[in-house]
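[1] Quick check, what structure comes out for this input:
(2 chains)
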Amino acid sequence: MKIRLYNSLTNRLEEFRPLTPGKVLMYHCGPTVYSSPHIGNFRAFLLADLLRRFLEDQGFDVKQVMNITDVGHMTDDDEDQGEDKLQAEARKQKVDPWKIARMYEDEFRDCLDKLDFVMPHALPRATDYIGQMCAMIDTLLEKGYAYQVNGNVYFDISKFPEYGKLSNKVLDELEEGARVEVNTEKRDPRDFALWKVDDKHLMQWDAGFRDGVRGFPGWHIECSAMSGDLLGEQIDIHTGGEDNMFPHHECEIAQSEACTGKPFVGTWLHVKHLMVDGEKMSKSKGNFYTVSDIFGKGYSGHELRYALMRVQYRQSMNFTLASLNEARTAIARVNEARKRLARIAAGVEAGGADDLAARSETAETAFVGALCDDLNTSGALAAVFAFVTEVNKAAPDADGAKRALAAFDRFDRVLGVFGPTPEVGVDSVPQELLELLERRQAARAAKDFATADACRDEISRAGYQVVDTPEGPRLERV
RNA sequence: GGUGGCGUAGCCAAGUGGUUAGGCAAUGGAUUGCAAAUCCAUGAACGCGGGUUCGAUUCCCGCCGCCACCUCCA
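    Numbers count the residues shown, from 1 in each chain, chains lettered A, B, ... in the order given. Purely as a prediction, here's the structure:
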C-alpha cells in the first residue's frame, strides 16, 4: 500500500518514496540533555519510533539515527549575552557540564527503555562529532558560504537564496519583524553561527578548520554533521518538533546543501506541540510533566505511549491525566480479548468453529491503511478496537485464535502500546491458591458467601483475580 | 503583521458529498450470590451565516472563536 506523508517542505501529502527503493534513512532531532525529558519531548520522539516500526512492518530496511545534543545552545541563541543551557544548569547544580549532560542522557535512555522504544541504530552525541563539524565548516569557508570574524564563523545567508524554503519565511519580512540585533559582526542579522569563540565557555575544542580559533560549535551544525557522517549526504526523512522548523532545520538545510550541492532531506515531518490541560505546558502553570513524573504517578510506559499516540502527530493534542486512565482501560480491553484467544489457542478454553481469517485480514488492512494515511494513529486504533469487538463476539477454533493473535501481535509491533500476548499458563498458580479456590467453591455451594468472598480477597491479595465462568472459576494473574 | 492548523455528541477523537468510525464515561438488559470480564440494546454530533448541489458535517465564500510557529523550547 502507498504510504503518504505530509512533507513540511512542500506542505503537501506526498507518496513516500525513498531514494533507494526498499531502504530508508531517517534522522531525528533528539533531546538536548540539560534537563529531564518531558512528555512533550516524547510526543516527538514517539513519532520517530512509530515511523521506524511502521516502515519496518511495511518491509523497508530502515536505518535510524537520533542525536543527543550535549553541547551548547545559547539561551539567547546566537547572541553574545546568552548562556549555554548546559552551562547554566551546570552552574546551578555546581557540577561540570559534562556531568550534567551524562546525567540527563542516562535519564533519557531510561525513558526510551521504559516507553518500549525500538532502539535507534545510533544515538550519537554532538560532542563526539566536533571533528566532522569542523570539516564541514572548513568546506563552507572554502566554498564561500561562511566567513570568519574574530574567530567566530557565520553562515552567509546571502549565498543561499533558498533559505526559508522549509518554513516559508520570506526574508524581507523576517528582517522587518526581527528584534534589534546587537551582533555587529554579522554581515546580515539572519546569518547564523557555525562556530563561536568565548573564553568563559566551559566546553572548548580546538578548531579543526583553517585559521580556526579554539571555541565551540554553533547550534545547528551538529545535526548536519552527524546526519552526513552516519547516513550520508542525502536522507529520506528528518523529523523534529514543529518549533525546530525555524530556524534550526532551515539552517541545517542551508549548511548541508551548501556543502554537498544536493538536496538534504526528502521528507520533513514536524510534530505539533503537546498542550496540557488546554494550555502550553509550563512550570509556572503547574502543568509541566516529565516522563518520570508520570511513572511516579503509577502509570506505565505503555499507558503513556497510548495516551500520546492516540492523536495523530500533526494534530494539536491536549494531554490530561484523565487520558492516562482511559489508556489503562482501553489497553486492558485489548488484552482481555487477547487472553481469551490465547486460552483457546492453548486448548485450555473451549472455542468454536470460526477461523477468523477474513476478519483478521480485514482488520490488518484497515490498520495499515490508516497508518499509510500520514500515520493516522487514531484510525489505526479504531481498527484495532473494531477487531476486538469482532473477536469477542466470535467463537474461534484454535487456529482462528492463533490467526487473530498474530494480528494483535502485529498491531503491537507497530504501535508498541499493548505489550506481548498475555501469559495464560495455569501451571504457575501456587498450590495454596488453588486450594483456596476450592474452599471458595465449597462455600459458594453452601451459600456461605462471606467465606467465599474472604477466600477471593485472600487470592486477590496474592496477586490473582478470580474469574467465574460457566465452566467454573479460573485464576488470572493481575 | 507573516506562516501553518483547528472548531464533530458528556470528554477525547477519525472520517465521508447521500450508507455504523473508535476509545473513555452514561443508561437499560443478558450472564451472575456479589464482583470482574464479555455480549445485546440506547441516546447524543458535525462553531455561525451564506453559496454550489436532487442532497453538505464533508466542496466554495464570509464571519466568530481557539491554537501553534515567527524568540530558547520536541
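
[2] Spell out which residues make up each domain of chain A.
    If you go by automatic domain parsing, the domain ranges for chain A are A:4-271, A:291-415, A:431-477.

[3] Give the burial count for A:S316, as a bare number.
    Number of residues near A:S316 (other Cβ atoms under 10 Å) recorded here: 10. For the C-beta atoms, the positions are set from N, CA and C on the backbone; glycine is no exception.

[4] wait, what's in contact with it?
    A:K272, A:H273, A:M275 (Cβ atoms under 8 Å, 6 or more residues apart in numbering).

[5] Where strands are concerned, which of those residues count?
    Counting by DSSP state E, the part of the contacts of A:S316 found in strands is A:M275.

[6] now the contacts of A:S316: which count as buried?
    A:K272, A:M275 (16 or more other Cβ atoms under 10 Å).

[7] can I get the contacts of A:S316 in TSV with distance to A:L47 and pLDDT?
    Output for the contacts of A:S316, formatted as TSV (distance: Cβ to Cβ, whole Å; pLDDT from 0 to 100):
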residue	distance to A:L47	pLDDT
A:K272	10	91
A:H273	12	89
A:M275	16	88
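
[8] near RNA strand B, from the contacts of A:S316?
    A:K272, A:H273, A:M275 (Cβ under 7 Å from any atom of the strand).

[9] which one of those residues sits closest to A:M226?
    Distance to A:M226 across the ones next to RNA strand B among the contacts of A:S316 (Cβ to Cβ) is lowest for A:H273, with 24.2 Å.

[10] Now that closest one: phi and psi?
    Reported as degrees, to the nearest 10, the phi and psi values for A:H273 are phi -70, psi 150.

[11] who's in contact with it?
    By Cβ under 8 Å, 6+ apart, A:H273 lies in contact with A:G40, A:R43, A:G241, A:E242, A:D243, A:K280, A:S316.

[12] Also A:P18?
    Neighbour list for A:P18: A:V24, A:L25, A:F60, A:D236, A:G266 [criterion: Cβ under 8 Å, 6+ apart].

[13] For these, work out which two are farthest apart.
    Based on Cβ to Cβ, the longest span within those runs between A:F60 and A:G266 and measures 13.4 Å.

[14] just the ones next to RNA strand B among the contacts of A:S316 now: which is nearest RNA strand B?
    Nearest to RNA strand B, judged by Cβ to the nearest atom of the strand, of the ones next to RNA strand B among the contacts of A:S316 is A:H273 at 3.7 Å.

[15] Indicate whether stretch A:94-112 makes contact with RNA strand B.
    No: contact of stretch A:94-112 with RNA strand B (Cβ under 7 Å from any atom of the strand) is absent, the minimum separation being 10.2 Å.

[16] Now that stretch: buried residues?
    A:P97, A:I100, A:A101, A:M103, A:Y104, A:E105, A:E107, A:F108, A:R109, A:C111, A:L112.

[17] And the second one, how far from A:K283?
    To A:K283, A:I100 is 18 Å away according to Cβ to Cβ, to the nearest Å.

[18] May I ask which helix or strand encompasses the residue lying closest to A:P473 once chain neighbours are set aside?
    Nearest non-adjacent residue to A:P473, counting by Cβ to Cβ, 6 or more residues apart in numbering: A:V466, 5.4 Å away. For A:V466, the host element (DSSP states H and E) is strand A:464-469.

[19] Sheet partners, orientation included, of that strand?
    Next to strand A:464-469 in the sheet, as set by DSSP bridges, lie strand A:472-477 (antiparallel).

[20] quick revisit: just send the contacts of A:P18 back as CSV, with pLDDT, neighbour count and distance to RNA strand B too.
    Formatted as CSV, the contacts of A:P18 follow (pLDDT from 0 to 100; neighbours: other Cβ atoms under 10 Å; distance: Cβ to the nearest atom of the strand, whole Å):
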residue, pLDDT, neighbour count, distance to RNA strand B
A:V24, 97, 23, 20
A:L25, 97, 23, 19
A:F60, 98, 20, 22
A:D236, 96, 22, 19
A:G266, 93, 20, 19
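
[21] Can you tell me which of these comes closest to A:D354?
    A:F60 (33.5 Å).

[22] wouldn't that closest one be in contact with A:V24 here?
    Yes: counting by Cβ atoms under 8 Å, A:F60 does reach A:V24; the two are 4.8 Å apart.
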